[in-house]
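J.: Can you look at this prediction? I've put the sequence above it.
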Amino acid sequence: MNIDNYNFNGKKAIVRVDFNVPLDENGNITDDTRIRGALPTLEKILKDGGSLIIMSHMGKPKGKVNPKFSLSQIKDAVSKALGTEVKFAEDCANASEAAANLKPGEVLLLENLRFYPEEEGKPVGIEKTDAGYEDAKKEMKQRQKEFAKKLASYADVYVNDAFGTAHRKHASTAVIADYFDAQDKMLGYLMEKEVKAVDNILSDIKRPFTAIMGGSKVSTKIGIIENLMDKVDNLILCGGMTYTFAKAQGGKVGQSICEDDKLDLALDIMRKAKEKGVNLVLGTDCVAADSFSNDAKTQIVSCMDIPEGLEGLDAGPETRKAFRDAIKDAKTILWNGPAGVFEFDNFTAGSRAIADAIVEATDKGAFSLVGGGDSVACVNKFGLADQVSYVSTGGGALLEAIEGKVLPGVAAIKG
Ligand code: AMP
C-alpha cells in the first residue's frame with residue numbers, strides 16, 4: 001500500500017519513527033532533524049482523521065529500563081511539533097488500554113522499545129560462543145514475535161517511517177509487519193524519499209559519478225567501497241583511511257590513525273580501482289598536528305612522510321584541490337564520512353572543500369546525496385544542507401542500501 005492513497009479516517013495507526021534524537025545532559029534535544037523528518041507522515045494520519053500511536057527507540061539501553069533513554073524526555077517536543085497534546089505510555093508492551101481509548105486526532109507516544117530485549121531480538125546474558133546459545137536465540141526469536149504481535153494489536157494499520165533502523169530486523173521495524181494485511185502496511189513519506197534517493201544513486205546514474213568515502217577506518221567501509229568500485233568514475237577515499245593507504249605504499253605516517261592489519265586490503269583496493277578504470281583519489285598532503293586537539297600546532301606535510309610525533313588530522317591544500325577536481329563536474333555524487341576531524345574547527349578544511357565542491361556541482365545539475373551522521377553534521381555545520389540534493393537520515397541503513405543489500409524494514413512491507 002502507498003501512504004498517499006490510504007485514508008486513515010477512523011483508523012488507529014502505529015508508526016515506527018526514528019526519534020533517537022541527541023540530548024544534552026539536561027535531557028534537552030540538541031538536534032530535532034529526526035522529529036521534523038517524520039512530520040509529513042504523522043500529519044497526514046491526523047489530518048485524515050486517524051489516531052496515532054508513535055513508537056521509537058532511543059540510544060542503547062540494552063533491553064533494560066533506563067530513565068536516561070526515556071522517550072518521556074521528548075514528549076513535549078513531539079507535542080509542539082505536531083501542535084497537539086501527546087499522551088505517553090510508560091510501558092510500550094502494556095499499552096492496550098491507552099491505545100484503545102485513543103480518539104481520532106489523538107496521539108500516544110510509547111516508551112522506548114529497546115527497554116525490552118525482544119525489540120532487537122538478541123538473547124541476553126549469553127555469548128555467541130556459549131553452549132546453549134542457539135536455543136536461547138530460538139527462544140528470543142519466539143519472544144520477539146510475541147512482542148511484535150502485541151504492538152500490532154494496538155492498531156489497524158502499520159507505517160514504517162524509520163529509515164535509520166531499516167537495516168535491522170527488529171520487532172517494530174520488520175517482524176510487526178507480519179501481523180498486518182498487505183493493504184494495511186506501508187512505508188511513510190520519509191522512508192519513501194530515502195528509498196527513492198538510493199534508487200537515484202543506484203539505478204539512474206548520470207555520469208561522471210563521484211563517491212566520497214571518509215571517516216576513521218577502511219575496515220568499516222570496505223563493503224561499500226568494493227560495491228561502489230563497479231559503479232563510480234571517481235572514488236575519493238579520505239579522512240583517517242588516508243594513512244592506511246599511505247603506509248601500505250611504504251609511507252611514514254607518524255602518529256596518524258592507521259589500520260596496520262588492513263595494509264593489504266588498501267593495496268587490493270588500489271589494484272581493483274586500476275583494473276576497473278576508476279580514478280581513485282587519495283590524500284597526498286595533510287594538515288599534521290602535534291596533538292589530537294583543536295589547538296594543536298600544525299604543519300602541512302606529505303602523507304607519505306609525516307614526522308614522528310605528528311598525526312594527520314585533515315586534508316592538505318593539494319589534496320583539497322584534487323577533491324574539488326573530482327567532484328565539481330560530476331553529475332551523481334555520494335558523500336559519506338568526513339575528510340578530517342571536522343569536530344575541531346581548525347580541521348574542517350578538507351570536509352569544507354568537499355562540501356563546497358558538491359554544492360558547486362549540484363548548482364550545475366548534479367544529483368548529490370549526503371548521508372551518515374558525520375557528513376550530515378558537516379553540511380549542517382557549514383550551513384549547506386539545503387544546497388545539496390538530498391540529505392539522508394540513515395547511516396548504516398544508507399550504506400547497506402547502497403551496498404545493494406535489501407533492507408529488512410523495506411522488505412517486510414514491500415515483500
Ligand atoms: P566513521 O565513524 O568511521 O565514519 O568516522 C568518523 C570520524 O572520523 C569523525 O569523528 C572524524 O573526526 C574522524 N576522522 C576523520 N579524519 C580523521 C583523521 N585524520 N584522524 C582521526 N580521526 C579522523
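T.: It's in.
J.: Can you name the residue of the stretch 1-150 of the chain that approaches the ligand most closely?
T.: Relative to the ligand, the nearest point of the stretch 1-150 of the chain is residue 22 (14.2 Å; CB to the nearest ligand atom). Every C-beta, even on glycine, is put in place using the N, C-alpha and C of the backbone.
J.: Show me which residues of the protein are close to the ligand?
T.: 215-217, 220, 239-240, 257, 312-313, 337-338, 340-341, 343, 374 (CB under 6 Å from any ligand atom).
J.: what's the pLDDT at residue 227?
T.: On the pLDDT scale, residue 227 is placed at 89.
J.: I figured it hits residue 403, correct?
T.: Yes - if you go by CB atoms under 8 Å, residue 227 and residue 403 touch, sitting 4.7 Å apart.
J.: contacting residues for the nearest residue to residue 63 once chain neighbours are set aside?
T.: In space, and not counting its chain neighbours, residue 63 is closest to residue 117: 3.1 Å by CB to CB, 6 or more residues apart in numbering. Going by CB atoms under 8 Å, 6 or more residues apart in numbering, residue 117 touches 62, 63, 123, 124, 140, 143.
J.: Among those, name the buried ones.
T.: Buried members of the contacts of residue 117, scored by 16 or more other CB atoms under 10 Å, are 63, 123, 140, 143.
J.: Among those residues, which are located in helices?
T.: 140, 143 (DSSP state H).
J.: Let's have the buried ones among the contacts of residue 117 in CSV, adding distance to residue 302 and pLDDT.
T.: CSV is the format used below for the buried ones among the contacts of residue 117 (distance: CB to CB, whole Å; pLDDT from 0 to 100):
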residue, distance to residue 302, pLDDT
63, 49, 96
123, 50, 94
140, 52, 97
143, 56, 98
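J.: Mind jotting down where the strands sit in the stretch 201-350 of the chain?
T.: For the stretch 201-350 of the chain, strands defined by DSSP state E, counting those that start in this stretch occupy the ranges 209-213, 234-237, 279-282, 285-289, 298-302, 311-315, 332-336.
J.: strands paired with the first one, and their directions?
T.: Read it as strand 209-213. strand 234-237 (parallel), strand 332-336 (parallel) (DSSP bridges).
J.: so what's the closest residue to the ligand within the chain up against?
T.: Using CB to the nearest ligand atom, the single residue of the chain nearest to the ligand is residue 215, 2.7 Å away. Residues near residue 215 by CB under 8 Å, 6+ apart: 221, 239, 240, 241, 336, 337, 338, 372, 374.
J.: Chain neighbours aside, what residue packs nearest to residue 48?
T.: Nearest one to residue 48, counting by CB to CB, 6+ apart, is residue 8 at 3.8 Å.
J.: Share the number of residues neighbouring residue 252, please.
T.: Close neighbours of residue 252, defined as other CB atoms under 10 Å, add up to 16.
J.: So it is in contact with residue 304, correct?
T.: Yes - counting by CB under 8 Å, residue 304 is a contact partner of residue 252 at 7.0 Å.
J.: how long is stretch 307-316 end to end?
T.: Across stretch 307-316, the terminal residues are separated by 15 Å (CA to CA, to the nearest Å).
J.: just to revisit the earlier point, and of the strands paired with strand 209-213, who's closest to residue 154?
T.: strand 332-336 (36.1 Å; CB to CB).
J.: Tell me how far that closest one lies from the chain's centre.
T.: 14 Å (CA atoms, centre = their mean, to the nearest Å).
J.: Show the average pLDDT along it.
T.: Strand 332-336 comes out at a mean pLDDT of 96.
J.: Dump it to PDB, keeping only the CA atoms.
T.: What follows is strand 332-336, C-alpha atoms only, in PDB (Å, rounded to 0.1, in the frame of the first residue of the first chain):
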ATOM      1  CA  THR A 332      26.000  12.000  -9.500                       C
ATOM      2  CA  ILE A 333      27.600  12.400  -6.100                       C
ATOM      3  CA  LEU A 334      27.500  10.300  -2.900                       C
ATOM      4  CA  TRP A 335      29.300  11.600   0.200                       C
ATOM      5  CA  ASN A 336      29.700   9.500   3.400                       C
END
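J.: I'd like to know how far the most centrally placed residue in the chain sits from residue 402.
T.: Taking CA atoms, centre = their mean, the centroid of the chain lies closest to residue 395, which sits 1.8 Å from it. Residue 395 sits 12 Å away from residue 402, going by CB to CB, to the nearest Å.
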